[in-house]
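Engineer: Quick check, what structure comes out for this input:
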Amino acid sequence: MSNSITYSSIWKLTLPIIISGVTQNIVTVIDTLFLSQLGKVELGAAGNGALFYYLIITIGMGVSTGGQIMIAKANGAKNYTSIGVIIEQSLYIFLPLAVFIFLGLQLLYPTLAATISQSEQIAEAATTFVSYRSYGVLFAFLNFLFIAFFVATKKTTVLFYSSIVVAIVNIGLDYGLIFGNFGMPQIGIKGAAIASVIAELSSVIFFIFHAIKFVDFKRYNFQLNFRIHSHLIQKILAVSIPIILQNILTFGSWFIFFSIIEQLGEDELAISHVIRSIYMLMMIPLLGFSTSTNTLVSNLIGAQKQELILKLIGRILILALLSSGAVVIITTLFGAEIVAFYQLEQQLVPHTLSTLTVINYVLFFFTIAFVLFNAVVGTGKTKVSLLIEAINISIYLSAASILVHYFSPTIEQVWCVEFFYFTFLGLMSLGYLKYGKWRGGN
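Structural biologist: This next block holds a predicted model:
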């Protein structure tokens with residue numbers, strides 16, 4: 001296992017995840033570009049609706065991350081036959097969960113959107129978006145499960161190919177359904193949601209065919225026995241529930257953050273959704289390294305090589321900071337050209353560019369904090385990671401709320417609260433890794 005923490009092996013594991021992230025986030029950027037041409041109401045509504053959708057499906061992401069930690073530990077311990085059972089029991093958690101979430105989005109979101117939105121137009125458009133987008137919940141969950149398996153077993157190359165499939169399908173259908181091209185109906189914001197659902201389904205189909213052709217089912221004991229192992233489900237949930245709550249806090253904080261920004265006005269909301277789109281592209285290398293941190297830490301613990309974990313984290317931080325530095329150079333040199341792609345109203349461009357400058361500085365804090373935090377998650381001590389996240393989200397949202405309600409800030413100043421969040425997240429994660437009680441077992 002020692003060769004798993006060389007710079008080359010870390011990079012080999014991470015690069016396909018980064019490329020996959022680039023492709024997936026290009027889709028997000030193009031979605032934003034297309035919707036910005038419809039108007040700032042559609043842009044803000046689809047942005048808010050998508051944030052809420054992702055907030056809810058993080059429940060499934062949490063289950064898959066818990067499963068990923070368990071699979072990675074089994075992989076590190078060479079206990080391969082238990083992996084198929086973990087996958088099967090995770091599936092039995094996902095199926096009823098997907099139905100429950102779908103019904104909840106259909107029935108409850110319209111009232112919620114009307115309650116939290118300052119604009120009736122944005123609330124109505126966001127409700128339309130979510131009503132169609134919710135049909136993709138089960139497909140999203142199945143994708144999470146496939147990704148958990150391939151990442152935990154360090155077979156990440158397939159993620160690149162699946163993301164290519166998603167990008168082609170999503171962008172093609174976006175262009176057709178939003179604007180009425182390729183002989184398709186012109187249905188605007190509905191088209192963006194439908195395109196995303198079909199793209200998620202295409203990814204599931206790709207993963208199934210890839211697994212049939214390339215995965216050794218016998219090695220991992222893959223089979224559907226249609227038997228529920230309650231003790232294993234309890235174990236998966238014990239690891240997953242703190243991650244679910246943590247993900248809800250994380251994505252929920254973004255949702256609340258954008259709701260706070262909406263109180264400043266539609267212009268500020270439109271600027272922030274453009275910044276969010278660019279920000280998501282900027283953080284792609286970091287998210288790749290964070291995923292690698294999580295799975296490599298879990299693998300080392302499974303192999304009983306905890307003494308190598310701090311060395312691993314140091315090497316990942318070096319590679320992650322170099323990658324983030326390259327991203328910041330690009331956004332600094334070509335920021336005006338990047339923002340121009342979004343075709344914003346001219347008066348919004350200066351504030352968008354100055355907010356992008358804030359994000360350039362934030363990214364270095366983000367990089368250090370997120371790698372350290374994902375190392376904590378990778379230890380399997382998910383209750384600790386939940387506590388760390390909860391404390392920092394409280395600081396983050398309190399700062400944003402105080403700024404907006406009492407100081408009449410510019411949009412650039414509101415985005416500066418990211419510094420508070422990542423500074424404290426990094427310090428708390430580092431403190432736990434150095435002094436916390438995580439080395440003694442799972």
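Engineer: Can you list the buried residues in stretch 356-371?
Structural biologist: 356, 358-360, 362-363, 365-371 (16 or more other CB atoms under 10 Å). For glycine as for every other residue, the C-beta is placed from the backbone atoms N, C-alpha and C.
Engineer: Over to stretch 90-99?
Structural biologist: Quick answer for stretch 90-99 (16+ other CB under 10 Å): 90, 92-94, 97-98.
Engineer: Ok, stretch 78-93 next?
Structural biologist: Neighbour-count burial for stretch 78-93, counted by 16+ other CB under 10 Å, picks out 80, 82-90, 92-93.
Engineer: What mean pLDDT does it get?
Structural biologist: Per-residue pLDDT values over stretch 78-93 give a mean of 94.
Engineer: can you list contacts of that stretch?
Structural biologist: When contacts are defined by CB atoms under 8 Å, 6 or more residues apart in numbering, stretch 78-93 is touched by residues 63-64, 67, 70-71, 74-75, 145, 148-149, 152-153, 217, 219-225, 228-229, 232-233, 236-237, 302.
Engineer: about what we covered before: give the single residue among the buried residues of stretch 90-99 positioned nearest to Gly436.
Structural biologist: Ser90 (27.3 Å; CB to CB).
Engineer: Ala192 versus Gln37, what's the distance?
Structural biologist: Gln37 sits at a distance of 11 Å from Ala192 (criterion: CB to CB, to the nearest Å).
Engineer: Give me the neighbour count for Ile57.
Structural biologist: Ile57 has 23 neighbouring residues, counting by other CB atoms under 10 Å.
Engineer: How about it: what's its closest non-neighbour residue?
Structural biologist: Nearest non-adjacent residue to Ile57, counting by CB to CB, 6 or more residues apart in numbering: Ala140, 5.1 Å away.
Engineer: show me the contacts for the one you found.
Structural biologist: Here Ala140 is in contact with 57, 60, 200 (CB under 8 Å, 6+ apart).
Engineer: for the helix or strand hosting it, what is the average pLDDT?
Structural biologist: Counting by DSSP states H and E, the element that carries Ala140 is helix 137-152. The average pLDDT within helix 137-152 is 94.
Engineer: ok, then the element right after that helix?
Structural biologist: Sequence order places helix 157-179 as the next helix or strand after helix 137-152, per DSSP H and E.
Engineer: Identify each buried residue in whichever helix or strand comes after that next one, please.
Structural biologist: Next along the chain after helix 157-179, taking DSSP H and E as the criterion, comes helix 189-214. By 16+ other CB under 10 Å, the buried positions in helix 189-214 come out as 189-204, 206-207, 210-211.
Engineer: now Phe258: how far from Gly191?
Structural biologist: 22 Å.
Engineer: hmm, I was thinking of Leu97
Structural biologist: Distance, Leu97 to Gly191, by CB to CB: 28 Å.
Engineer: I'd say Phe206 and Ser163 touch.
Structural biologist: No: judged on CB atoms under 8 Å, Phe206 makes no contact with Ser163 at a distance of 9.7 Å.
Engineer: Contacts only, for Gly44.
Structural biologist: By CB under 8 Å, 6+ apart, the neighbours of Gly44 are 119, 122, 262, 266, 269-270, 273.
Engineer: among those residues, which are in helices?
Structural biologist: 122, 262, 266, 269-270, 273 (DSSP state H).
Engineer: any residues touching the helix or strand containing Leu397, and which ones?
Structural biologist: Using DSSP H and E, Leu397 sits in helix 382-406. For helix 382-406, the surrounding residues in contact (CB under 8 Å, 6+ apart) are 66, 69, 239-243, 245-246, 249-250, 252-253, 256-257, 260-261, 263-264, 373, 376-377, 409, 413-414, 417-418, 420-421, 424-425, 428-429, 432, 436, 438.
Engineer: From Glu389, how far off is the residue lying farthest from the centre of the chain?
Structural biologist: Ranked by distance from the centre of the chain (CA atoms, centre = their mean), the top residue is Gly183, with 33.3 Å. Going from Gly183 to Glu389 by CB to CB gives 47 Å.
Engineer: what's the spacing between Ile313 and His273?
Structural biologist: Counting by CB to CB - Ile313 and His273 are separated by 33 Å.
Engineer: next one: Leu237
Structural biologist: Distance, Leu237 to His273, by CB to CB: 34 Å.
Engineer: More neighbours: which of the two?
Structural biologist: His273 (24 against 17).
Engineer: Find the nearest non-adjacent residue to that one, please.
Structural biologist: Using CB to CB, 6+ apart, the nearest residue to His273 is Gly47, at 3.8 Å.
Engineer: Hmm, Asn181 and Ile187 touching each other?
Structural biologist: No: using CB under 8 Å, Ile187 is not in contact with Asn181, being 11.8 Å away.
Engineer: show me where pLDDT drops low in this protein?
Structural biologist: Applying pLDDT under 70 to the chain flags the ranges 1-4, 25, 440-442.
Engineer: how near is Val371 to Thr6?
Structural biologist: Val371 sits 17 Å away from Thr6, going by CB to CB.
Engineer: Run through the residues that contact Ala238.
Structural biologist: No residues are in contact with Ala238 under the rule CB under 8 Å, 6+ apart.
Engineer: so it is in which element?
Structural biologist: Going by DSSP H and E, Ala238 is in helix 230-262.
Engineer: Would you mind getting the angle between that helix and helix 382-406?
Structural biologist: Angle, helix 230-262 to helix 382-406, by axes from the mean of the first three to the mean of the last three CA atoms, to 10 degrees: 10 degrees.
Engineer: In helix 230-262, which residues are buried?
Structural biologist: Neighbour counts using 16+ other CB under 10 Å place 232, 235-237, 239-249, 251-262 of helix 230-262 among the buried residues.
Engineer: roughly how far is the helix holding Leu397 from the heart of the chain?
Structural biologist: Relative to its chain's centre, helix 382-406 lies at 18 Å (CA atoms, centre = their mean, to the nearest Å).
Engineer: One more: stretch 416-434?
Structural biologist: In terms of CA atoms, centre = their mean, the centre of stretch 416-434 is set 19 Å apart from its chain centre.
Engineer: mind listing what's buried in that stretch?
Structural biologist: Residues of stretch 416-434 classed as buried by neighbour count (16+ other CB under 10 Å): 416-422, 424-426, 428-430, 432-433.
Engineer: one step back: could you dump the buried residues of stretch 356-371 to CSV with distance to Phe334 and secondary structure?
Structural biologist: What follows is these, written out as CSV (distance: CB to CB, whole Å; DSSP: H, G, I helix; E, B strand; the rest coil):
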residue, distance to Phe334, secondary structure
Leu356, 11, helix
Val358, 17, helix
Ile359, 14, helix
Asn360, 12, helix
Val362, 18, helix
Leu363, 15, helix
Phe365, 22, helix
Phe366, 20, helix
Thr367, 20, helix
Ile368, 25, helix
Ala369, 26, helix
Phe370, 24, helix
Val371, 26, helix
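Engineer: Considering the contacts of Gly44, which is situated nearest to Ser290?
Structural biologist: Closest approach to Ser290 among those (CB to CB): His273, at 23.3 Å.
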